[in-house]
Structure formats: structure tokens, C-alpha cells
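> Sequence below, structure please.
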Amino acid sequence: MDNTNKSEVARLRQQLERECEALHRGLYGLASVAAHEIIRHRYQAIGDCADELATYIGQQQARDILVTTYSEKAG
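Sure thing, here's the model as predicted:
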């Protein structure tokens with residue numbers, strides 16, 4: 001993987017972390033009354049990020065990162 005791809009993977013992983021954190025805050029934080037549309041948007045953004053990540057590292061590895069990141073942020 002060249003440096004450009006490594007940078008893109010790192011960027012996507014950070015974005016995935018931010019989206020998972022935001023989703024968790026929307027579902028369980030002080031703003032737990034978040035509108036359904038906001039929560040749907042967060043899930044969509046997480047899925048989009050994981051799909052883009054998969055173009056660089058493959059579907060299975062992207063799925064593993066998504067599950068790990070989601071679990072860490074939700075826990």
C-alpha cells in the first residue's frame with residue numbers, strides 16, 4: 001500500500017471513530033432524544049465510511065475495523 005493509500009486509510013479510520021462517537025452520543029448521551037433522521041444519518045455516514053475504507057483494505061478488514069471501532073465507542 002503506498003503512502004497516499006495509508007493516509008487515506010488513516011483518515012477514514014479517524015472519520016469512522018468520530019461518526020461512531022457521535023452516534024453513541026446521539027443514542028445514549030445527554031442528547032438521547034436525538035431525532036430519528038439524525039441517527040439514520042449517522043448510521044449512513046458510518047456505512048459510507050466503511051465502504052470507502054473497503055476499497056483500500058478489503059471488505060472483511062473494513063468490516064472488522066468497523067465492528068471494533070463501534071464496540072470501543074459504544075462501550
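> Surely residue 56 and residue 7 touch.
No. Look at residue 56 against residue 7 with Cβ atoms under 8 Å: they stay out of range, at 10.2 Å. Any C-beta I mention is one placed from the backbone N, CA and C, and that applies to glycine too.
> Who has more neighbours out of these two?
Taking other Cβ atoms under 10 Å, residue 56 and residue 7 do not tie; residue 56 has more neighbours (15 against 10).
> In which helix or strand does the residue nearest the centre of the chain reside?
Against the mean C-alpha coordinate of the chain, by Cα atoms, centre = their mean, the closest residue is residue 16 at 2.7 Å. Using DSSP states H and E, residue 16 falls within helix 3-28.
> what about that helix, distance to the chain center?
Distance of helix 3-28 from its chain centroid, counting by Cα atoms, centre = their mean, to the nearest Å, is 5 Å.
> For the host helix or strand of residue 37, buried residues please.
If you go by DSSP H and E, residue 37 is part of helix 36-57. Burial within helix 36-57, assessed by neighbour count using 16 or more other Cβ atoms under 10 Å, is assigned to 41-42, 45-46, 49-50, 52-54, 57.
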